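K.L.:
This is the structure alone, sequence omitted:
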């Protein structure tokens, strides 16, 4: 296998299943369990130190729509860097481009750039999530319906996963800062601290988003309670207006000796009674501020 | 008692109550309280160091359907390994098979294989749980009913137990990694770290499942609020349509001097009035977007 | 005062208010504040080291029905053990019996036996609680009523208290294990660790019980939402069936020129109309799967 | 300024704004920020060590009804004790009385007595709270109404504040125990530990009270769900009883050729029909155990 | 660039994008990433030590109405202080005024004044929030409506943000106290501890406000449950009063042989029956204390 950039022993394996990985593992003495980790995906984000190299599992955003993540595995030795990922990962092209453009000549700086690119790629997703949540909040106040609920729920699921990944990445970056081994130059500490700030901010934003979604759920539920209340009021007002009229018409429909029977005076009396009853009920509910 | 594998002093006691255990305890100087722990099940997962051996209580998945666990007790000394479990544990057959197949010749490696097999056996259960939860989520959105609720509840109970067991196992494995004693070879550290990753992932998945179940419960409850709301709407629309008609028919049923009494004109007037009333109510609710 | 068991300077004070305690305090140089602690009950579970002795406040289950606890105070010196408790504590009789039966000749072993008996006495209570919760769960699914709610609530209260006591006892036992002082023989460590396992398990079970009760409460509340929904449905179906009939009978009751007036054809027509209306409504609700 | 007790340099400033405090600050070299702390109330409970003295802000219960707290500031030097508080604080009179009565001759003991009195004064408030919560629990089960809710809510508010103060005081007392400086005699450690136990118990009780109030809130809410359910049932039963009767009377009121028209047989038939209908409906609901 | 105050090398950059910042960065050897932090806002509050200077990101309250914050970046070296902020920040004018007024001649004291002013500016916002929450609580008890809910929700959002900022600032100030480096004089420790107390109190108040808002939400929701209950009661009472009257009038409207047909006795009987029915129903509900 030939290195990605000449003069730099950086090997990029775009297919974890390929025998190239075995070859590299043999050449640089990689541990079998870690090679297995590259192949059995997904793994949790982690860093592991071996005798002479550093092994890291990172999570890059694979599908921003569904918040799906994919593993990127890195082996950093004193004179080699091996990156393992799936072929169709656009994240890696930009890493390579940046490495060449900035004329990086140190392997630990390439390592830093990869971590930096991965964490940077979270940002647009966070912005998109903020928009989605903002839409949900509007929907919940204006026109709550079961679809909104399903949306809240689905977003919550994704955030649970994102939170876990970001938390794991935070540990990984923290680990890289604290590590005393000479594989990562001390001058990179401030750069990794910069990444650490980004990832902390990511975790905080995810937590905020979860709070906002919980709030949206509360509003959704109370909106329904409110609507049921409105429906009940309407039924009650209407029933209360109608029932006296039904009783009055029923009264004058009785086959008994009624006052003003078959007389226009009776009709006028009945109609006036019905009008008074209706107006009285409406005034009553008006005073109760029901409408 | 004869060892499981010749040349290896691994003793497997398939019945904790058998006198074989007492015999081994006497021969290798096992502490009486730990022998009692083997017999009084269930114990919490734990590791204990004694003068010259290591005692571990592990939890293997006994019944994947009901998420029931059973204890496996291990005593690892410099020159002996004693495993205690119930006879009908299929997990042990696979351990023995793997130990023989890989030509394991070190007792601490057998110890590792047992722990590894136990933790590996959690994976299919996690997959099954994911399926069950996915089914519940569908049921909750499509046709929520009290049975779904009972199902959510029962699954939650099981997860509480599983979470406790997995948390205990995490402590045990963490303990095995940190332990400085020479009973477990240092080269096994990376293997135990691998198990540790698995168990951490298990714990995380269980937490995620609990979140999902809580979400499903929220949806279930709000689905009911929604349905009550729908029922109320139907009753209200219907009542509001019907009551004017009842009043109109009642009005013309009064035994008073009515306009167009006993005339076809009256009938036509009444019918038209009823039609207008009905259409007006329906337009009103249409404008309110109730249907 | 004479020791409980000859040859062993174990003094048992069955009434904290008795002057015997003062006499012992004077003789063995007990601190006045700790003597006060014996008298002002309840105290929190704790261990305190003094110059030459160990003071422990333990909580034994006094009333298993109401989950009430009582203090047992222990002073363990190099050559004396003083236990202080209320006279009517059956727990102490069994301690004395066991101490005599096992021919205990060391004061720290008596100390261990007392702690062990106290923690062991939690187990039957936990079993009883499991039964009660199981009953509540059945009740909540089958016939939820406000009494069940009061029961859940009362059990929750008791568990809060039990959780606090068990948590305190866990700290006490943990303290006894970690303590470096020579009052408790090192060979007792494994025994205290055994008690520690029991008390941890107790705490875990209480936590589980609380989770189960919360779940039962959720089911209770959703059962009511469900029942209200059922009631509403019944009212709505019934109202929707009845109102067309009321309108039809009202229509033919109008004192207007009606088709088939006073004719049997009209009656047949009306009856058929009513039957069709009823059947249509029932089919409609059947299709909506309301019954 | 003259000391409170002759022979003891204890200065009590009953008005934080008075120039006496400035005079003392100058005389004993108190830090300006701490003098400001005495004047800008409220401060959080805290202890601060300065070059040669100890500064403590304590919280004493000022108004037991509203759970309002006031600051008491203490400066303890090797040869002076300055206490700063509001004039109308009855707590201080009892401190002075107790100090004189016990013939205290050490400044650190006076310091201890002040802290002890402050923490002791929490106890009657806790007892009163227990009574209030007990009343609320009864009210919530017997006659839930919005006033109860407001009461629960107001108590919750007070407990939040009390919890914060008690938590701060716990830190302060813990600090006083751990402090190695010679200002507080080592023989006082056991006394401060006694206070610590009290304050821990206070915090635990507040937590329990909050749990109880949350439980009461749950019961309150479910009581309303229950009542709405009862109301709905009544309406449904009554509607279901009445509607058949309305239909029957409507049927025989139609101006069509009816069987037994204008005959007593018809009346009897109608009445019997109505009776059967009513009884059938009542039996139906009886079987459903609705009443 | 000229210093803000003559004799003091304090440089104030009012526009992070200006080349002045680059010039200063070059002159004092500031790290590029930290200069970037000044330009890419918002950053999280933090302190970072570099070889020879201290870098701090602080959060000052930019818009008290919307609880919006803006970054203030500080670089403190042994002989320079650089502050970076947006031009329209009134907070800075008061810092400069205070620094000149108090004749500050040390850079670390200017640093302290800036932090102090920033944290002090939180206080009026906290007071305003307390007022808003108090208004919401009143609204929720008197006239709950969806607008109140939206208000609660919006305030909750703001508090989440404020909590995060205040928590970050607490870490920063804590860091400044613990720091051993000689850049901040030891005599400032007590001043920073004073700020620390303020910020802790701020965090506690925000937590309290969140609790209060949660309580207000509970009351809001239960107020709706209560209102629905009231509406249902009214409907039920009214329906129960009206239905007997409808049945009675219907009964006497039947075209069957009725007692007292077409007689005044019948009318009197019917009216009396209707009155008794109404009174009976009202007494029944009165006894149930429904009104």
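P.N.:
Received it, and whenever you're ready, just let me know what you need. On a predicted model such as this, the values are computed, not experimentally measured, just so you know. Numbering: from 1, shown residues only, chains lettered A, B, ... in the order given.
K.L.:
Mean confidence (pLDDT) on the host helix or strand of residue A:222, please.
P.N.:
For residue A:222, the host element (DSSP states H and E) is helix A:189-252. The average pLDDT within helix A:189-252 is 89.
K.L.:
Check whether the next helix or strand after it comes near chain B.
P.N.:
Under the assignment DSSP H and E, the closest C-terminal helix or strand after helix A:189-252 is helix A:264-287. Yes: against chain B, helix A:264-287 shows contacts by C-beta under 8 Å from any C-beta of the partner chain at A:264, A:266, A:267, A:270. C-betas here are computed from N, CA, C, even on glycine.
K.L.:
Would you mind listing the buried residues in helix A:264-287?
P.N.:
Buried positions in helix A:264-287, judged by neighbour count with 16 or more other C-beta atoms under 10 Å in any protein chain shown: A:266, A:267, A:269, A:270, A:274, A:277, A:281, A:285.
K.L.:
And for stretch A:36-56?
P.N.:
Residues A:37, A:38, A:43, A:44, A:45, A:46, A:47, A:48, A:53, A:54, A:55, A:56 are the ones in stretch A:36-56 that count as buried (16+ other C-beta under 10 Å).
K.L.:
Now for the closest residue to chain B within the stretch 101-250 of chain A: which residues touch it?
P.N.:
Of all residues in the stretch 101-250 of chain A, the one sitting closest to chain B is residue A:249 (3.0 Å; C-beta to the nearest C-beta). For residue A:249, the contact set (C-beta atoms under 8 Å, 6 or more residues apart in numbering or on different chains) comprises A:270, A:274, B:247, B:250, B:251, B:253, B:254.
K.L.:
again with residue A:242
P.N.:
Taking C-beta under 8 Å, 6+ apart, we find residue A:242 in contact with B:243, B:244, B:246, B:247.
K.L.:
Going by neighbour count, which of those comes out on top?
P.N.:
Most neighbours among the contacts of residue A:242, by other C-beta atoms under 10 Å in any protein chain shown: residue B:246, with 26 neighbours.
K.L.:
Just to check, that one is in contact with residue C:244?
P.N.:
No: assessed by C-beta atoms under 8 Å, residue B:246 is found out of contact with residue C:244, at 10.4 Å.
K.L.:
near chain E at all, the one helix or strand residue A:139 maps to?
P.N.:
Using DSSP H and E, residue A:139 sits within helix A:122-142. Yes: Helix A:122-142 is in contact with chain E by C-beta under 8 Å from any C-beta, via residue A:141.
K.L.:
which helices and strands does that helix pack with?
P.N.:
Contact analysis of helix A:122-142 by 3 or more C-beta pairs under 8 Å, 6 or more residues apart in numbering or on different chains; DSSP states H and E lists helix A:146-178, helix A:189-252 as its packing neighbours.
K.L.:
wait, doesn't residue A:197 sit right on residue E:43?
P.N.:
Yes: here residue A:197 reaches residue E:43: they are 6.8 Å apart, a contact under C-beta under 8 Å.
K.L.:
Low-confidence stretches in chain A?
P.N.:
A:1-7, A:87-91, A:180-181 (pLDDT under 70).
K.L.:
How many neighbouring residues does the residue in the stretch 151-291 of chain A positioned nearest to chain D have?
P.N.:
Among the residues of the stretch 151-291 of chain A, residue A:253 lies closest to chain D, at 7.0 Å counting by C-beta to the nearest C-beta. By other C-beta under 10 Å, the residues close to residue A:253 number 27.
K.L.:
With adjacent residues omitted, what lies nearest to the residue sitting furthest away from the middle of chain A?
P.N.:
Here chain A reaches farthest from its C-alpha mean at residue A:257, the gap being 74.6 Å by C-alpha atoms, centre = their mean. Among residues not flanking residue A:257 along the chain, residue E:264 sits closest, at 4.5 Å (C-beta to C-beta, 6 or more residues apart in numbering or on different chains).
K.L.:
Relative to residue E:116, how far out is that neighbour?
P.N.:
As judged by C-beta to C-beta, to the nearest Å, residue E:264 and residue E:116 stand 94 Å apart.
K.L.:
Residue A:226 contacts residue E:146, doesn't it?
P.N.:
Yes: under the criterion of C-beta under 8 Å, residue A:226 makes contact with residue E:146 at 5.9 Å.
K.L.:
of those two, who's got more company?
P.N.:
residue A:226 (21 against 15).
K.L.:
what's that one in contact with, if anything?
P.N.:
Here residue A:226 is in contact with E:146, E:224 (C-beta under 8 Å, 6+ apart).
K.L.:
Quick check: the gap between the residue of chain A found nearest chain E and residue B:274.
P.N.:
Going by C-beta to the nearest C-beta, chain E is nearest to residue A:250 of chain A, at 3.0 Å. Distance of residue A:250 to residue B:274, given as C-beta to C-beta: 18 Å.
K.L.:
what's the answer for residue A:175, then?
P.N.:
Separation of residue A:175 from residue B:274 (C-beta to C-beta): 79 Å.
K.L.:
which bits of chain A sit near chain E?
P.N.:
So chain A meets chain E at A:141, A:190-191, A:193-194, A:197, A:200-201, A:204, A:208, A:211-212, A:215, A:218-219, A:222-223, A:225-226, A:228-229, A:232-233, A:235-236, A:239-240, A:243-244, A:246-247, A:250-251, A:253-258 (C-beta under 8 Å from any C-beta).
K.L.:
Now with 7 Å, please.
P.N.:
A:141, A:190-191, A:193-194, A:197, A:200-201, A:204, A:208, A:211-212, A:215, A:218-219, A:222, A:225-226, A:228-229, A:232-233, A:235-236, A:239-240, A:243, A:246-247, A:250-251, A:253-258 (C-beta under 7 Å from any C-beta of the partner chain).
K.L.:
The residue nearest to residue A:205 when sequence neighbours are not counted: how many residues sit nearby?
P.N.:
Spatial nearest neighbour of residue A:205, excluding adjacent residues (C-beta to C-beta, 6+ apart): residue A:126 at 5.3 Å. Residue A:126: 16 surrounding residues under other C-beta under 10 Å.
K.L.:
so residue A:126 sits right up against residue A:204, yeah?
P.N.:
No: if you go by C-beta atoms under 7 Å, residue A:126 and residue A:204 don't touch, sitting 10.3 Å apart.
K.L.:
Now tell me what touches stretch A:163-172 from outside.
P.N.:
Stretch A:163-172 is contacted from outside by A:44-47, A:56, A:58-59, A:69, A:119, A:199-200, A:202-203, A:206, B:204, using C-beta atoms under 7 Å, 6 or more residues apart in numbering or on different chains.
K.L.:
Out of the residues of helix A:264-287 next to chain B, which comes closest to residue D:102?
P.N.:
Of all these, residue D:102 sits closest to residue A:270, with 91.6 Å by C-beta to C-beta.
K.L.:
Now do the same contact list for residue A:85.
P.N.:
Contacts of residue A:85 by C-beta under 7 Å, 6+ apart are A:14, A:72, A:92.
K.L.:
Return the subset of these lying in helices.
P.N.:
The helices, defined by DSSP state H, take in residue A:92 from these.
K.L.:
Out of the contacts of residue A:85, which are close to chain C?
P.N.:
By C-beta under 7 Å from any C-beta, no member of these lies near chain C.
K.L.:
can you pick the most crowded of the contacts of residue A:85?
P.N.:
The most crowded member of the contacts of residue A:85, judged by other C-beta under 10 Å, is residue A:72 (25 neighbours).
K.L.:
what's the spacing between the residue of chain A found nearest chain C and residue C:252?
P.N.:
Proximity to chain C, evaluated over chain A using C-beta to the nearest C-beta, is greatest for residue A:253 at 7.0 Å. As judged by C-beta to C-beta, residue A:253 and residue C:252 stand 12 Å apart.
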